[in-house]
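Colleague: For reference, the sequence and a predicted model appear below.
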Amino acid sequence: MRTSLLGPVIGLLAMAVGVAVGLWLDPTVPSGLQPYLPIAVVAALDAVFGGAHALLDGRFDAKVFVVSFVSNVLVAALIVLLGDALGVGAQLTTAVVVVLGIRIFSNAAAIRRHLFKA
Amino acid sequence: MTGSAKHQLDQTREAEVRPAGLRVHPLLSGVLIALLCVALGVALATQVQRTRSGDTLNEQRPQDLVVLLDGLQQREAALRKEIADSEATLQRLRAAGDSSAAALEEARRRAAALAVLSGASPAVGPGVQVAVADPAGKIGPDVLLDVLQELRAAGAEAVQVGEVRVGVDSAFSGTAGDVRLDGVALSAPFPVLAIGDPPTLAAALNIPGGVVDTVERVGGTVQLRQVERVEINALRPVRTPKYARPTG
């Protein structure tokens, strides 16, 4: 990969910039989007960990990353929306968080195996 | 970026489907990734801020809010009851405090009055100064007792003879020329201080056939002065009753 070193650094830098901007501006979330923000964050984190895993496997694809990122966020939000509409919003949110958490864990484990060979 | 089918197969673990044949410029994809990462950072920070500020009520579900509201209402009821109880207790204690303060004040007043009567505290007030000259040395304890009795009968509230404060258990003893009050030798002119209504005290001593006549019969004279301010400084030791106990 040509961007094997540059890419993750840029990504981390961009995320740090985003955190700084978020802390600095402290934007107000529209009330309609408030239930979806935490789930969207977890879903995006899942995409990021998946991307890091793919990067270490040498099979990172920028387009796949972008699409998976966006679709992860959208699907997670849709699930929460659907759950709220069906009256099982809390349970479905928990389910999404559990699934995404498991995926994040397995990706983190793979990353750890790559980085520390253990 | 490579768009080959091999890589696409490798990435199916994420279950991502990539439209085949869609090629994206590396720079554009890099910018996109960076933008997404920035957005993620902003969202992360915002959510963390929001969670930390505790302003999470408006994203909770109605059922949870109902449970929350119910708990809050129960807590409010309990707290209101506690307030009412505390206020009642406060009222009770305040009333008790008032009455006990009044009782304390009354007790102080009575203690002061009793201290004057029993001779435990100095006293000051209008009264008379009496001096009984006894050139013949014939004035005995009975005459002085008469003086004291007349003063008491006239309402004297505190009496001092010589250096001795007269109390409820005072006693004259001895003989003419060697009169003792509570064991303390008295000598002419037997200065007597009494606090009371001055005219009444003077009249009691001057009554015909009274003290003044008696003293003059045995060759003595009585000097009587009504004064606006008599200071009685002699004290009697406070006796703690050994057997008697107050009742009630």
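Modeller: Thanks, I have the structure now.
Colleague: The nearest residue to B:Leu36 once chain neighbours are set aside: helix or strand, and which one exactly?
Modeller: Once flanking residues are discounted, B:Leu36 sits nearest to A:Phe69: 5.1 Å by CB to CB, 6 or more residues apart in numbering or on different chains. No exception for glycine: its C-beta is placed from N, CA and C like everyone else's. Assigned by DSSP states H and E, A:Phe69 belongs to helix A:62-86.
Colleague: next one: B:Thr46
Modeller: Counting by DSSP H and E, B:Thr46 is part of helix B:26-53.
Colleague: count of neighbours near whichever residue of chain A sits closest to chain B?
Modeller: The nearest approach of chain A to chain B comes at A:Gly18, 2.1 Å away (CB to the nearest CB). By other CB atoms under 10 Å in any protein chain shown, the residues close to A:Gly18 number 23.
Colleague: following the helix or strand it falls within, which helix or strand shows up next?
Modeller: Using DSSP H and E, A:Gly18 sits within helix A:6-25. For helix A:6-25, the following helix or strand on the C-terminal side (DSSP H and E) is helix A:36-57.
Colleague: What are the buried residues along that next one?
Modeller: Using 16 or more other CB atoms under 10 Å in any protein chain shown as the test for burial, helix A:36-57 gives A:36-56.
Colleague: Can you spell out which helices and strands pack onto the lengthiest helix in chain A?
Modeller: Scanning chain A for the longest helix, with DSSP state H as the assignment, gives helix A:89-116. For helix A:89-116, the elements it packs on are helix A:36-57, helix A:62-86, judged by 3 or more CB pairs under 8 Å, 6 or more residues apart in numbering or on different chains; DSSP states H and E.
Colleague: Any idea which of these gets closest to B:Val164?
Modeller: helix A:36-57 (95.8 Å; CB to CB).
Colleague: now for the closest one, which elements pack on it?
Modeller: helix A:6-25, helix A:62-86, helix A:89-116, helix B:26-53.
Colleague: Now do the shortest one: which elements does it pack against?
Modeller: Under the contact criterion of 3+ CB pairs under 8 Å, 6+ apart, helix A:6-25 touches helix A:36-57, helix B:26-53.
Colleague: Can you name the residue of chain B nearest chain A?
Modeller: Counting by CB to the nearest CB, chain B gets nearest chain A through B:Gly41, at 2.1 Å.
Colleague: Tell me where chain B has helices.
Modeller: B:5-10, B:26-53, B:62-118, B:141-153, B:198-206, B:211-217.
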